[in-house]
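S.K.: Just the structure for this:
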Amino acid sequence: MRTNDTTEARERLAQAVEQMASSENFAAWLRARASFHTYSFNNVLLIASQRPEARQVAGYRAWQKLDRQVKKGEKAIRILAPCRVRVGETESASGTESAFRVVGFKWASVFDISQTEGPDLPELEYASLEGEAPHLADCLCAVAMASGLEIRREALSGGMHGYLRRSENLIVIDTEQSGAMSCKVLAHELGHYFDPWLIENGEAYTAHRGDCEAVAESVAFVLCSAFGIDAGPSAVGYVASWTDGNADRVRDLAERIDHAVAAILPRTRRDRNGEEVAA
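M.R.: Model prediction:
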């Protein structure tokens with residue numbers, strides 16, 4: 001795949017993200033997402049111990065703001081919320097802000113979406129790829145094996161399609177997917193593996209997860225494009241969600257995306273007639 005082809009594919013993705021970000025559905029999705037907090041590890045354990053099947057939790061009033069009501073008789077999930085006291089002011093780029101100190105914790109109540117009723121929450125457009133992609137599969141598997149990576153297929157839960165465990169040189173792909181979708185997931189995990197920033201800063205993944213996921217999914221989109229597969233239905237919403245619909249972030253990550261693509265695609269590949277063509 002030539003550099004200009006990679007650039008063209010990236011730009012198509014960025015433009016698709018821009019188009020999605022301009023839709024009212026995306027704006028509604030962002031508003032809904034803002035109602036859900038990121039919980040600490042301890043609170044995640046508390047939620048899981050009380051309601052293992054919980055997938056989306058929020059407080060009573062937060063659900064009301066989303067036009068959903070907690071069902072009568074539902075038992076709350078108890079988590080710990082910090083108690084903060086104001087200790088002064090700090091200066092930031094946006095002006096003077098109040099400074100707080102945590103002095104303890106108190107019990108707070110949240111409810112899973114299954115404990116509520118009302119209008120469905122807005123969702124981003126997403127469609128898994130269908131069919132098979134044998135040529136792409138051969139290419140990606142060859143790259144993975146040459147890099148010392150093991151590819152394992154397992155039944156995954158919680159909507160997870162796959163994951164990379166770098167410390168074990170392992171990529172796991174969910175079994176309940178089409179051949180083409182499995183290839184796209186493998187391309188995504190290879191995107192993580194060959195992301196030059198992530199290779200040097202693996203411990204910082206969590207703090208920069210949005211950029212890392214945008215890079216990996218963009219790599220998957222570009223690789224699929226190189227083999228004539230439109231991964232847009234499954235990739236655009238994913239990238240938009242991790243970049244908050246900011247297509248310029250995709251463009252700013254171009255060097256990382258291009259580096260990973262160049263590491264994954266072989267220098268030459270065979271066309272359908274078995275003749276070698278320049279990549």
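
S.K.: Can you list the neighbours in contact with stretch 150-162?
M.R.: With contacts defined as CB atoms under 8 Å, 6 or more residues apart in numbering, stretch 150-162 is touched by 55, 141, 144-145, 163, 168-177, 181-182, 185-186, 188-189. Backbone N, C-alpha and C define where each C-beta goes, glycine included.

S.K.: Mind checking which of the residues you listed land in helices?
M.R.: 141, 144-145, 181-182, 185-186, 188-189 (DSSP state H).

S.K.: Go through these and say which is closest to residue 246.
M.R.: residue 188 (19.9 Å; CB to CB).

S.K.: quick one: contacts for that closest one?
M.R.: Contacts for residue 188 (CB under 8 Å, 6+ apart) come out as 161-162, 216-217, 219-220.

S.K.: what pLDDT does it get?
M.R.: The confidence metric pLDDT takes the value 98 at residue 188.

S.K.: returning to that earlier point: which of the contacts of stretch 150-162 are buried?
M.R.: In these, burial by neighbour count holds for 144, 163, 171-174, 177, 181-182, 185-186, 188-189, counting by 16 or more other CB atoms under 10 Å.

S.K.: Let me have those residues in CSV, extended by distance to residue 40.
M.R.: Putting those into CSV (distance: CB to CB, whole Å) gives the following:
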residue, distance to residue 40
144, 35
163, 22
171, 29
172, 26
173, 30
174, 28
177, 32
181, 33
182, 34
185, 29
186, 32
188, 28
189, 27
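
S.K.: Residue 234: which of those is nearest?
M.R.: For these, the residue nearest residue 234 by CB to CB is residue 181; the value is 7.1 Å.

S.K.: Low-confidence stretches in the stretch 151-279 of the chain?
M.R.: Low-confidence segments of the stretch 151-279 of the chain (pLDDT under 70): 266-279.

S.K.: again, 90 this time
M.R.: With pLDDT under 90 as the threshold, the stretch 151-279 of the chain has low-confidence stretches at 157-159, 265-279.

S.K.: Much appreciated, bye for now.
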